[in-house]
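Undergrad: take a look and give me a structure for this.
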Amino acid sequence: MIIDITDETNQTTDEQSELLKQLLDYAGRMEMVNEAAELSVTLVQNETIQEINRDYRGKDKPTDVISFALEEQGENELDIVGEDLPEHLGDIIVSVEQAQDQAEEYGHSFNRELGFLVVHGFLHLLGYDHQTVEEEKEMFERQEHILQEFGLKRNEIR
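TA: From the prediction side, this is the model:
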(Lines give C-alpha, C1' and ligand atoms only; values in the text may rest on other atoms or scores of the structure.)
Protein backbone atom coordinates (compact mmCIF):
# COMPACT_ATOMS: atom_id res chain seq x y z
CA MET A 1 0.00 0.00 0.00
CA ILE A 2 0.98 3.58 -0.45
CA ILE A 3 0.85 5.16 3.00
CA ASP A 4 1.40 8.86 3.66
CA ILE A 5 2.04 9.80 7.29
CA THR A 6 2.09 13.44 8.37
CA ASP A 7 2.94 14.43 11.93
CA GLU A 8 1.58 17.92 12.50
CA THR A 9 2.68 17.70 16.15
CA ASN A 10 6.37 16.97 15.51
CA GLN A 11 6.15 14.64 18.53
CA THR A 12 6.79 11.29 16.90
CA THR A 13 10.04 9.90 15.58
CA ASP A 14 10.91 8.66 12.12
CA GLU A 15 11.06 5.17 13.67
CA GLN A 16 7.49 5.51 14.92
CA SER A 17 6.31 6.63 11.47
CA GLU A 18 8.07 3.65 9.95
CA LEU A 19 6.48 1.35 12.55
CA LEU A 20 3.03 2.67 11.59
CA LYS A 21 3.73 2.15 7.89
CA GLN A 22 4.87 -1.41 8.52
CA LEU A 23 1.84 -2.08 10.73
CA LEU A 24 -0.61 -0.70 8.15
CA ASP A 25 1.10 -2.62 5.37
CA TYR A 26 0.84 -5.79 7.48
CA ALA A 27 -2.83 -5.09 8.26
CA GLY A 28 -3.47 -4.45 4.57
CA ARG A 29 -2.00 -7.83 3.64
CA MET A 30 -4.07 -9.54 6.37
CA GLU A 31 -7.21 -7.85 5.02
CA MET A 32 -6.21 -8.58 1.40
CA VAL A 33 -6.21 -4.91 0.39
CA ASN A 34 -4.95 -4.04 -3.08
CA GLU A 35 -1.21 -3.32 -2.90
CA ALA A 36 -1.72 -0.14 -4.95
CA ALA A 37 -4.31 1.26 -2.52
CA GLU A 38 -3.51 4.57 -0.88
CA LEU A 39 -4.30 6.03 2.51
CA SER A 40 -3.11 8.86 4.69
CA VAL A 41 -2.49 9.16 8.41
CA THR A 42 -2.28 12.56 10.06
CA LEU A 43 -1.09 12.91 13.64
CA VAL A 44 -2.57 15.98 15.34
CA GLN A 45 -3.08 17.73 18.67
CA ASN A 46 -6.33 17.56 20.67
CA GLU A 47 -7.37 21.02 19.48
CA THR A 48 -7.30 19.94 15.82
CA ILE A 49 -9.12 16.66 16.33
CA GLN A 50 -11.72 18.44 18.47
CA GLU A 51 -12.45 20.83 15.59
CA ILE A 52 -12.79 17.91 13.17
CA ASN A 53 -14.96 15.97 15.62
CA ARG A 54 -17.20 19.04 16.08
CA ASP A 55 -17.45 19.89 12.39
CA TYR A 56 -17.99 16.38 11.02
CA ARG A 57 -19.53 14.44 13.89
CA GLY A 58 -21.29 17.15 15.92
CA LYS A 59 -19.27 16.29 19.05
CA ASP A 60 -17.38 19.28 20.45
CA LYS A 61 -14.69 17.37 22.32
CA PRO A 62 -11.38 15.73 21.50
CA THR A 63 -11.37 12.07 20.49
CA ASP A 64 -8.57 9.61 19.83
CA VAL A 65 -9.08 8.68 16.15
CA ILE A 66 -11.34 9.69 13.28
CA SER A 67 -11.47 8.01 9.87
CA PHE A 68 -12.83 9.31 6.59
CA ALA A 69 -13.41 6.48 4.14
CA LEU A 70 -13.22 7.80 0.60
CA GLU A 71 -14.58 4.66 -1.01
CA GLU A 72 -17.93 5.13 0.73
CA GLN A 73 -20.48 7.03 -1.26
CA GLY A 74 -22.70 9.33 0.76
CA GLU A 75 -26.17 10.47 -0.10
CA ASN A 76 -26.28 12.78 -3.13
CA GLU A 77 -22.56 12.22 -3.88
CA LEU A 78 -21.37 11.37 -7.35
CA ASP A 79 -19.50 8.13 -7.92
CA ILE A 80 -16.05 8.96 -9.31
CA VAL A 81 -14.75 6.16 -11.50
CA GLY A 82 -11.95 5.67 -13.94
CA GLU A 83 -9.47 3.00 -14.87
CA ASP A 84 -6.46 5.18 -14.12
CA LEU A 85 -7.62 6.39 -10.72
CA PRO A 86 -5.82 4.84 -7.75
CA GLU A 87 -7.87 3.25 -5.02
CA HIS A 88 -7.76 5.74 -2.15
CA LEU A 89 -9.07 4.17 1.03
CA GLY A 90 -9.28 7.42 2.97
CA ASP A 91 -7.77 9.34 5.82
CA ILE A 92 -7.02 8.44 9.42
CA ILE A 93 -6.55 11.26 11.92
CA VAL A 94 -5.06 10.45 15.33
CA SER A 95 -4.64 12.68 18.38
CA VAL A 96 -1.11 12.18 19.70
CA GLU A 97 -2.17 13.68 23.05
CA GLN A 98 -5.03 11.19 23.42
CA ALA A 99 -2.71 8.33 22.44
CA GLN A 100 -0.19 9.38 25.11
CA ASP A 101 -2.89 9.70 27.79
CA GLN A 102 -4.47 6.36 26.89
CA ALA A 103 -1.11 4.57 26.82
CA GLU A 104 -0.52 5.72 30.40
CA GLU A 105 -4.07 4.86 31.43
CA TYR A 106 -3.88 1.33 29.99
CA GLY A 107 -0.31 0.72 31.14
CA HIS A 108 1.29 0.00 27.81
CA SER A 109 3.64 1.75 25.41
CA PHE A 110 2.83 4.82 23.35
CA ASN A 111 3.72 2.76 20.24
CA ARG A 112 1.12 0.13 21.17
CA GLU A 113 -1.59 2.76 21.65
CA LEU A 114 -0.65 4.60 18.47
CA GLY A 115 -0.71 1.29 16.59
CA PHE A 116 -4.06 0.38 18.14
CA LEU A 117 -5.61 3.66 17.04
CA VAL A 118 -4.19 3.49 13.52
CA VAL A 119 -5.43 -0.09 13.02
CA HIS A 120 -8.81 0.91 14.44
CA GLY A 121 -9.04 3.75 11.92
CA PHE A 122 -7.82 1.49 9.12
CA LEU A 123 -10.51 -1.10 9.81
CA HIS A 124 -13.12 1.67 9.68
CA LEU A 125 -11.80 2.59 6.22
CA LEU A 126 -12.42 -1.02 5.18
CA GLY A 127 -16.03 -0.93 6.39
CA TYR A 128 -15.73 -2.39 9.88
CA ASP A 129 -17.84 -0.64 12.50
CA HIS A 130 -18.96 -0.97 16.10
CA GLN A 131 -22.54 0.29 16.09
CA THR A 132 -23.90 -3.04 17.38
CA VAL A 133 -22.53 -5.51 19.91
CA GLU A 134 -21.86 -8.02 17.12
CA GLU A 135 -20.03 -5.47 14.96
CA GLU A 136 -17.98 -4.28 17.92
CA LYS A 137 -16.97 -7.84 18.82
CA GLU A 138 -15.92 -8.59 15.23
CA MET A 139 -13.99 -5.34 14.81
CA PHE A 140 -12.17 -5.44 18.13
CA GLU A 141 -11.25 -9.11 17.73
CA ARG A 142 -9.84 -8.41 14.27
CA GLN A 143 -7.99 -5.36 15.53
CA GLU A 144 -6.44 -7.28 18.43
CA HIS A 145 -5.50 -10.19 16.15
CA ILE A 146 -3.65 -7.86 13.76
CA LEU A 147 -1.78 -6.16 16.60
CA GLN A 148 -0.86 -9.46 18.27
CA GLU A 149 0.35 -11.04 15.04
CA PHE A 150 2.37 -7.93 14.21
CA GLY A 151 3.91 -7.99 17.69
CA LEU A 152 2.36 -4.94 19.37
CA LYS A 153 1.00 -6.69 22.41
CA ARG A 154 -0.96 -5.22 25.29
CA ASN A 155 0.95 -4.10 28.36
CA GLU A 156 4.23 -4.59 26.55
CA ILE A 157 6.65 -1.72 26.35
CA ARG A 158 8.04 -1.54 22.80
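
Undergrad: in stretch 94-109, what's buried?
TA: 94-99, 102-103, 108-109 (16 or more other CB atoms under 10 Å). Quick note: C-beta positions are derived from backbone N, CA and C, even for glycine.

Undergrad: confidence-wise, which of these comes last?
TA: Across the buried residues of stretch 94-109, the bottom pLDDT score, 89, is held by residue 108.

Undergrad: and which of the buried residues of stretch 94-109 is nearest to residue 50?
TA: Ranked by distance to residue 50 (CB to CB), the buried residues of stretch 94-109 are led by residue 95 at 8.4 Å.

Undergrad: gap between the nearest residue to that closest one once chain neighbours are set aside and residue 55?
TA: Among residues not flanking residue 95 along the chain, residue 49 sits closest, at 4.3 Å (CB to CB, 6 or more residues apart in numbering). Relative to residue 55, residue 49 is positioned 11 Å away (CB to CB, to the nearest Å).

Undergrad: with neighbour numbers in mind, choose between these two.
TA: Taking other CB atoms under 10 Å, residue 49 and residue 55 do not tie; residue 49 has more neighbours (24 against 10).

Undergrad: hmm, back to that, now the element after the regular element (helix or strand) spanning the residue nearest to residue 95, going C-ward?
TA: Here residue 49 sits within helix 46-57, counting by DSSP states H and E. Sequence-wise, the next helix or strand downstream of helix 46-57 (DSSP H and E) is strand 65-69.

Undergrad: who touches that following strand?
TA: Applying CB atoms under 8 Å, 6 or more residues apart in numbering, the external contacts of strand 65-69 come out as 49, 52-53, 56-57, 89-95, 98, 117-118, 120-122, 124-127.

Undergrad: how about low-confidence regions in the protein?
TA: 71-86, 155-158 (pLDDT under 70).

Undergrad: hmm, 50 instead?
TA: 72-80, 82, 85, 157-158 (pLDDT under 50).

Undergrad: and residue 40, how many neighbours does it have?
TA: Neighbours around residue 40, by other CB under 10 Å: 17.

Undergrad: would you confirm that it contacts residue 5?
TA: Yes - counting by CB atoms under 8 Å, residue 5 is a contact partner of residue 40 at 7.5 Å.
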